[in-house]
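Q: coords please:
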Amino acid sequence: MPHTRFEVGWSLLTSNGYIDRTTALALATTDLEKALGVQREMPQDLVAYHAGDVFEFEAKVVGVISGTLGRTDLFV
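A: As a prediction, the model looks like this:
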């Protein structure tokens, strides 16, 4: 689901305060996994963004530290 963060970001933006950032993050991660029936431990991955956060449309991923994959990726 490559566009999930944009869909949830749009929902956050248009919810008139009904959805807060914590709820939006849950919708895009753990709630989505539960809805799809994915059963696994919480991944230990960190994602770094430039020019915003996960829900900002202009934000760009610049790095990922993945415990799941056992590696670090930087994007320039």
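
Q: only C-alpha atoms for contact and neighbour calcs from this point on.
A: Noted.

Q: Go ahead and name everything in contact with the helix or strand hosting Trp10.
A: Using DSSP states H and E, Trp10 sits within helix 4-14. The contact list for helix 4-14 (C-alpha atoms under 8 Å, 6 or more residues apart in numbering) reads Ile19, Asp20, Arg21, Ala24, Leu27, Ala28, Val54, Phe55, Glu56, Phe57.

Q: so what does the helix or strand following that helix touch, helix or strand wise?
A: Using DSSP H and E, the helix or strand that follows helix 4-14 in sequence is helix 21-28. If you count contacts as 3 or more C-alpha pairs under 8 Å, 6 or more residues apart in numbering; DSSP states H and E, helix 21-28 packs onto helix 4-14.

Q: If we go by neighbour counts, what in the helix it packs on is buried?
A: Neighbour-count burial for helix 4-14 flags Arg5, Val8, Gly9, Ser11, Leu12, Leu13 (criterion: 16 or more other C-alpha atoms under 10 Å).

Q: Same check on stretch 59-70?
A: Buried, per 16+ other C-alpha under 10 Å, within stretch 59-70: Lys60, Val61, Gly63, Val64, Ile65.
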